[in-house]
Each structure stands twice: as C-alpha cells, then as structure tokens.
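Q: Test case, fold it:
(chains A and B)
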Amino acid sequence: MASDPAGPTGPPRAAWHAGQADPATTDPGIVDHSGGELGPLTSSARTPEERALGRKRVMRFSATERVLHATNGVAFLLLLLTGLALFLPFVAQLFGNRPVVKAVHLAVAALWLTAILLTAILGDRRVLRRTRVQFESLSAEDLRWLRSSAARARPQGKFNGGQKFHAVLQGALTFLFFLSGTFMYLGERNTDFRFPGTIALHDFAMVFATIFVIGHIYIAFSPKAVDSLSGMVDGTVPASYAAEHHPRWNPDDDPITPTPKPGPLRTVLAAVVLVAGIVGAFLLAGG
Amino acid sequence: MSSSQEPGPGAARETPREVTLDEGRPIGRRVFLGTVGLGITSLLWGQAAIDLLSKSTSALPQGVRSAIPFGQGWRIYAVNPPFPTFDRASWTFTIEGLVEKPITYTYDQLLALPAADQTTDFHCVTGWSVDDVVWKGVRLDDLLAEAKPLASAKGMEFWSMEEEYVDTLTLDQAAMPDVMLAYEMYGQPIPREHGAPTRMVIPKMYGYKGTKWCNRIKLVDRIEDGYWEVRGYDRDAWVGDSNGL
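A: Predicted structure coming up:
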C-alpha cells in the first residue's frame, strides 16, 4: 500500500528558488520531480522569472505521507458517520440495522490501525520521522498562529502553526479514540470496564476532532490555499505557492527521495500485520 | 539512487534545519502528551463535565434538549418528543390481553400495592452505564399474579404513552426477581424524562427493554419485535451477551 505510483524517480532537484532548470527536463522552467509525469504547466505570470516560478512545482509530500493522510481521512469520515449512527438516537433511526453499523465501525477501526502499522513498516520511515520532528517543533509562537493574523503573517516553514497544531492534536485524539473505544468494547463484555467517563471521552474526542477536521477542510479548500491541495494528491505544490506561504521551507533541505523497497523481513512483517488486521476486523465485526 | 542522496546512519536523527530556525522551544510533544493525559483523566471526570453541560442546556426548549443525548448523569432518549405528560387524576395503568382478569389501576391504587425496593446498575446499549440506581415500585411478578395470565400467553408487551414505543418480555424473562414497574427513582417520583409516572426496570437487559412512560401491559401468545428491535437491536437484550456479541 505504500508503493509510490506518483512519486519521484528523477534526479535530485536543482535550487528551486533560483528558478534554475532541472537538466533532466526539457522545459527549462520546470523542475520535474515526478519523473516526467507532471507535463507542461501553465502560468499567468509575466516576467520570465515569475513565469518560471509560477510553472515550477516542488515536491512537498512523499507517497508515504499521502497514503497515510488519505487513510486517516477516509477512516475518520467512515468512523464519524457510523459512530454518529450508534451514538445519536435520531441518527440511529435513519439506519435500519445497528449491528451492521456497529460491525462497520469496529472493522474500520481495526483496518485503520492496520493501515497505520503498514505505513510504518512499508513506508519511508525517514520521511515519517522527519515529519514527526517538524510537527514536534510546534512552539508557543505557532500556537499564536491559531488566533492572531499577525502571527499568521509571520513567515512559516514547511508546516505553518495551524498545521503543526492540527497534526499534534489529531494524533493525540486518535490515541484517545482507540483507548476509549477499546474500553467501550470491553465494557460490552464485562460492565466492570465501563468507567464513568469512557463515553464522555469518546464523545469529547469526536467533537474536537470533528471541529478541527472541518476547520482543516475549510482552510484547505479556501481560495488562498487551494493551490496546496495537489500536495496531498501528487505530492507537489507550485513553487510560487511554497515561496508565498512557506517561505522558510527550503525543499532542497527537505528532499523527497524514492521510497526504499522494504527488505524481506519487513515484507514478511507487513504480511503478518495485514493478515492479523483483516482477521481482527472480521472478528470484531462478526462478534 | 546516488550515494550522496542516501542518508547516513545517523542522518535520520539529525534535527532538521527548520527547527533551529524556529523561535521558541518545541512544545509539540508536551501538547501531545498533555492532550492524551487530559483525555485519560476524563475517564474519571468526563461524565461530571457532561452533566454540567447538560444543566447549562436547561434553558433550551424541551424539543431541543431531547435531541441532545445528555442529561443528569443519564442520556435521555425519546422517540417522539416532547415527553408524555402525566395527569395524576386521569392516568391509569392497564393489564390486559391473554389474562383471566384484566385490571386497570389508578396511580393511587398502584402506589397502594405491595412495594419493593432495589438498587441496580443501569446499562445502555450505546455504552454508558449508571451504577447503583435506587428504584421503588411493584414487582412484575406481583402484577401478573393479580391478572393471572392464561395458559396460551407466551409473553407480554409493554406499551408507552410515548406513541409507538413498545417492548416485550417472555413469561420466563418476566419472572426474573429484579424486574419491576418502578414509580420512584432515588426516593423521588420518577421524573418526566425518566418515564413519569411509571417505567419498566429490567437490570439484566439493556435500557431500551425498559419501556418509559409505561401505562399498559398486554399479554400475548406471540412476541413481536419492539420499537428498537424493528430497527436492528436484539430482542433478548442481555447485558454483555447481545447486540453483536
């Protein structure tokens, strides 16, 4: 699942901000990190420098990160929908069959955990570690990004304050979802596992996660940020977008290299995790 | 891949340049662990916080409140808001169907029957529980003994003043000693949202079996699915052994 269909296979990039061409591409204005898959790009920029910057794309996210992002997004939405049906009586009445909804909820949770583990086993762990360190660099100044436009005007690195905070918070909430969900599962079998706040924790986590996901999606699709969307699709963003929104990020310091092929040990481990995850999902769903 | 691209053994642990450029101490880990820690402690105080939240919604109209599943340590569910109203003068409780002696009690007559107390845990199928709920009411066994089910009766339906809500028990299930028609909760008449004036209490089964605002028991020879059972829940709603287990 962590294969790299759209990922970079080309040589390392040239200095992106100087508008230099990658010798491997025919168009001198484009630094192609996609192995030639991007094709010609258009721009309304006027001067040759602007045009070069406008047409050039830089690699922002590796296939590993994109797969993890997509997995998290799909899993969250499925869990939210099925979870609301289990939790809110007036939503429950829209669905016919509680056991089916619950089975889907539990199976998706198991497969989500499996997907996270597989990403860690098969994906580019160097990239994942680097991204984690970037998230962990969240500072008090970054937190001000959330409430002050002056702080938002401050030049940002690869991730702005809001993105770092969102990632850290959603990571913590994901852990809490799994923890409280496990207690709920056990509490159905033995009511000794029903703590007074288990459901409250699951609910709080859902409310906060949903609010932040809505904010995340709203900002991502806002006109200002719409150029960034391709970062989560093919991994690239326009160099002009990176320069404007993330001026303190230098892609050359942050290269996306091809995902290393997993060795035999990791392949076997991944197969074991995959089988265990699918079996676990079936067992959870079936009872 | 050229060797210059290959990170050395220690390269992955190197701090990216961005971090050194950033002002301020990194607090990402602290925010992560703080959120996790706060979340774990909420296993203890989360329900109290929700209770507080529910009190703060008391100013909202009942219709809005009943759509929010929070309330007084409980989550109040209704299928057809607003909640039914109880008029002590005109309210009656009926036992009918396949019985030798159909009976109708007034509220005062019901209160005059031999009473029973119990303190039992209440478990909801959606995962929450309220421990040690103090109930007072009439044992179902006593009510049935008075009405005398016919030999053809296999079970009974518990009908609610809230239209269309019904649930059932078999005769065997109804004979469990802790099944009661309750009219007091925590020493007070049952509040409106909990089913005033009478509700069924069946501690060994999930809460949806315990019809609220219950005012009619009908003995039947064939058990049909109740309100939530039509919607996919188990008819035999044993706590810890039903609904997908």
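
Q: quick one: the strands in chain B?
A: With strands called from DSSP state E, chain B shows them at B:92-97, B:103-106, B:116-123, B:129-139, B:155-160, B:166-170, B:180-185, B:188-189, B:199-201, B:214-220.

Q: which residues in chain B form helices?
A: Under the criterion DSSP state H, helices of chain B are mapped to B:17-21, B:28-56, B:62-65, B:107-111, B:140-147, B:171-174, B:227-230.

Q: buried residues in the fifth one?
A: The neighbour-count check on helix B:140-147 (16 or more other CB atoms under 10 Å in any protein chain shown) flags B:140, B:143-144, B:147 as buried. C-betas here are computed from N, CA, C, even on glycine.

Q: Could I get the contacting residues of the closest residue to A:Leu138 other than its chain neighbours?
A: Excluding the flanking residues, the one nearest A:Leu138 by CB to CB, 6 or more residues apart in numbering or on different chains is B:Gly28, at 3.7 Å. Shown in contact with B:Gly28 (CB atoms under 8 Å, 6 or more residues apart in numbering or on different chains): A:135-138, A:164, A:168.

Q: let's see it at 10 Å
A: Applying CB atoms under 10 Å, 6 or more residues apart in numbering or on different chains to B:Gly28 gives the contacts A:132-139, A:142, A:164-165, A:167-168, A:171.

Q: separation between it and B:Thr92?
A: 65 Å (CB to CB, to the nearest Å).

Q: would JSON lines of the helices of chain B with mean pLDDT be doable?
A: Below are the helices of chain B laid out as JSON lines (pLDDT from 0 to 100):
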{"stretch": "helix B:17-21", "mean pLDDT": "46"}
{"stretch": "helix B:28-56", "mean pLDDT": "86"}
{"stretch": "helix B:62-65", "mean pLDDT": "54"}
{"stretch": "helix B:107-111", "mean pLDDT": "96"}
{"stretch": "helix B:140-147", "mean pLDDT": "95"}
{"stretch": "helix B:171-174", "mean pLDDT": "96"}
{"stretch": "helix B:227-230", "mean pLDDT": "89"}
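
Q: how about CSV for those, with distance to A:Ala209 added?
A: Formatted as CSV, the helices of chain B follow (distance: least, CB to CB, whole Å):
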stretch, distance to A:Ala209
helix B:17-21, 27
helix B:28-56, 11
helix B:62-65, 24
helix B:107-111, 47
helix B:140-147, 44
helix B:171-174, 40
helix B:227-230, 28
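
Q: now for these, which one comes closest to A:Leu176?
A: Nearest to A:Leu176 among the helices of chain B is helix B:28-56; the distance by CB to CB comes to 4.0 Å.

Q: Off-centre distance for that closest one?
A: 23 Å (CA atoms, centre = their mean, to the nearest Å).

Q: okay, the angle between that helix and strand B:129-139?
A: 20 degrees (axes from the mean of the first three to the mean of the last three CA atoms, to 10 degrees).

Q: Next, the buried residues of helix B:28-56.
A: Neighbour count says helix B:28-56 has B:28, B:31-32, B:35-36, B:39, B:42-43, B:46-47, B:50-51, B:54 buried, by 16+ other CB under 10 Å.

Q: ok, the closest residue to A:Trp145 other than its chain neighbours - contacts?
A: Leaving out its chain neighbours, the residue that sits closest to A:Trp145 by CB to CB, 6+ apart is A:Gly161, at 2.7 Å. Applying CB under 10 Å, 6+ apart to A:Gly161 gives the contacts A:138-148, A:151-152, A:154.

Q: Just the buried ones from those?
A: Of those, these count as buried by 16+ other CB under 10 Å: A:138-139, A:142-143, A:145, A:151, A:154.

Q: Out of the residues you listed, list just those in helices.
A: A:142-143, A:145, A:151.

Q: So which of those is the closest to B:Ile76?
A: A:Leu143 (37.6 Å).

Q: can you tell if stretch A:99-117 touches chain B?
A: Yes: residues of stretch A:99-117 contacting chain B under CB under 10 Å from any CB of the partner chain: A:99-103, A:106.

Q: Could you give the bridge partners of the closest residue to B:Lys136 other than its chain neighbours?
A: Using CB to CB, 6+ apart and skipping residues adjacent in sequence, the residue nearest B:Lys136 is B:Glu184, 3.7 Å away. Under DSSP bridges, the beta-bridge partners of B:Glu184 are B:Lys136, B:Pro189.

Q: Wait, B:Glu184 touches B:Asp117, no?
A: Yes: counting by CB atoms under 10 Å, B:Glu184 touches B:Asp117, with 8.5 Å between them.

Q: Point out the most buried one among the strands of chain B.
A: Mean neighbour count (mean count of other CB atoms under 10 Å in any protein chain shown) peaks for strand B:199-201 among the strands of chain B, with a mean of 24.

Q: Tell me the spacing between the residue nearest to A:Phe87 when sequence neighbours are not counted and B:Cys214.
A: Computed as CB to CB, 6+ apart, the closest residue to A:Phe87 that is not its neighbour in sequence is B:Thr126, at 6.1 Å. Note on B:Thr126: its distance to B:Cys214, by CB to CB, is 21 Å.

Q: Next up, the contacts around the one residue in chain B that gets nearest to chain A.
A: Nearest residue of chain B to chain A, counting by CB to the nearest CB: B:Gly46, 2.8 Å away. For B:Gly46, the contact set (CB under 10 Å, 6+ apart) comprises A:180, A:195-204, B:39.
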